[in-house]
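> quick one: sequence plus predicted model below, questions after.
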Amino acid sequence: MKDGRGGTSYGDMKIHEKRRWHTSVAAIVRRSYDLGLIGAAEYRRHCQYISFKGWTKGEPAEPNFQDPELLPNALEALGKKIDLTVNTFCSDLHFEPQTFKEVTGVDVPPIQTTKAEVIAMEMGLIGSKRGATSGC
């Protein structure tokens, strides 16, 4: 798109920056403002343009989703190379197993339980010697 004067339009420039930096136009504009590269008035103009174009609901030239590369390796190390299990990590994050799977793509294994040893005790003998009577 041309800007009417033979130059490149603002939208084209922002899409180019978006592709270069792999981030949203809104994030680029905000970061420019935070770094002092643009002033408040220019920041407002950029935000108005983004809204006018309808980019607040979805920007053009969205990149394809990339699966995380490091997260599966890090989660695989849990319990093996790191003294932390996936179950404990999930619990520490206060995630339900389903939420953890949605966020990470990794299933939380079921907790391994073992049957506790049960000692049969006769009623009335707890804490007293055999044959002794209770003071009650």
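Arrived safely. Keep in mind it's a predicted model, so treat the numbers as computed, not measured.

> dihedrals phi and psi, the closest residue to residue 100 other than its chain neighbours?
In this structure, residue 100 finds its nearest non-sequential neighbour in residue 90, 4.6 Å apart by CB to CB, 6 or more residues apart in numbering. Glycine gets a C-beta too; all of them are placed from N, C-alpha and C. Backbone torsions of residue 90, given as degrees, to the nearest 10, read phi -60, psi -40.

> buried residues in stretch 41-55, which are they?
Judged by neighbour count using 16 or more other CB atoms under 10 Å, the buried positions of stretch 41-55 are 43, 46, 50, 55.

> okay, now the unreliable bits of the protein?
1-8, 112-136 (pLDDT under 70).

> before we move on, the earlier item: contacts only, for the residue nearest to residue 100.
97, 100, 108 (CB atoms under 8 Å, 6 or more residues apart in numbering).

> count the neighbours of the residue lying closest to the first one once chain neighbours are set aside for me.
Once flanking residues are discounted, residue 97 sits nearest to residue 108: 3.9 Å by CB to CB, 6+ apart. Applying the criterion other CB atoms under 10 Å, we find 19 residues in the vicinity of residue 108.
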